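A.B. asks: Coordinates for the following, if possible.
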Amino acid sequence: MALAKGRRCSRPTACTRGGTYILCGSIGRLLLALFLTAVGYAVTRAHLLPGWTGRSAYVLAAVNLAFVPSLFFGNTPAHFYAANGWGSTALMGALLSYWLLAVGISTYRRECRGGRPGSTPGLSRFMPLLPGPHGPAGDSTREA
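C.D. replies: As a prediction, the model looks like this:
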């Protein structure tokens with residue numbers, strides 16, 4: 001909302017807030033906590049990745065939920081617990097990035113150690129659905 005030249009905003013908090021509460025604040029923390037909880041649940045139930053992945057996803061979801069009340073502590077970026085402060089945006093973004101990096105490295109190392117796709121208990125039940133030599137769609141399983 002643009003103000004006419006020379007006019008002052010009658011509600012300065014509403015004019016300076018913008019979309020930071022939606023993008024970096026409590027709603028973003030809730031959505032990320034929901035995503036991490038779903039990833040943690042899927043990983044622990046299907047045994048697709050190592051066990052620490054699911055447990056750490058639950059921990060990161062809890063930390064994100066701890067930042068939800070930051071909506072009520074202002075919007076000064078210099079404050080740690082503000083809605084767009086460095087604790088809610090920079091720290092949580094860094095923790096998520098490091099977690100995703102660790103999960104990616106763990107997945108890559110597991111594959112490089114000789115683990116084939118069907119060796120993981122969670123993936124073995126999906127093997128009939130995959131195309132190629134592992135499932136019924138593959139040409140190598142049929143006899144000529």
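A.B. asks: switch to C-alpha atoms for all contacts and neighbour counts from now on
C.D. replies: OK.
A.B. asks: residue contacts, Tyr41?
C.D. replies: Applying CA atoms under 8 Å, 6 or more residues apart in numbering to Tyr41 gives the contacts Gly54.
A.B. asks: Within the helices and strands, which one has it?
C.D. replies: Taking DSSP states H and E as the criterion, Tyr41 maps to helix 26-46.
A.B. asks: what about Ala82, helix or strand, and which?
C.D. replies: Using DSSP H and E, Ala82 maps to neither a helix nor a strand.
A.B. asks: That one: neighbouring residues, count only.
C.D. replies: Neighbourhood size, Ala82 [other CA atoms under 10 Å]: 23.
A.B. asks: Now it. Its backbone dihedrals?
C.D. replies: Ala82 adopts backbone torsions of phi -80, psi 160, taken as degrees, to the nearest 10.
A.B. asks: So, low pLDDT: which residues of the chain?
C.D. replies: Along the chain, segments meeting pLDDT under 70 span 1-24, 113-144.
A.B. asks: Helices along that one, start to end?
C.D. replies: Secondary structure of the chain (DSSP state H): helices at 12-17, 20-23, 26-46, 51-66, 92-112, 121-124.
A.B. asks: now for the ones you listed, which one comes closest to Ala83?
C.D. replies: helix 20-23 (6.1 Å; CA to CA).
A.B. asks: Make a markdown table out of the helices of the chain and add distance to Trp86.
C.D. replies: Below are the helices of the chain laid out as a markdown table (distance: least, CA to CA, whole Å):
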| stretch | distance to Trp86 |
| --- | --- |
| helix 12-17 | 16 |
| helix 20-23 | 12 |
| helix 26-46 | 13 |
| helix 51-66 | 13 |
| helix 92-112 | 9 |
| helix 121-124 | 38 |
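A.B. asks: wait, which of those helices is closest to Asn84?
C.D. replies: Across the helices of the chain, Asn84 has its closest neighbour in helix 20-23 (6.3 Å, CA to CA).
A.B. asks: buried sites along the helix holding Tyr41?
C.D. replies: Of all the residues in helix 26-46, those buried under the rule 16 or more other CA atoms under 10 Å are 26, 28-30, 32-34, 36-37, 39-41, 43-44.
A.B. asks: What of stretch 71-89?
C.D. replies: 71, 74-75, 80-89.
A.B. asks: All good on my end, thank you.
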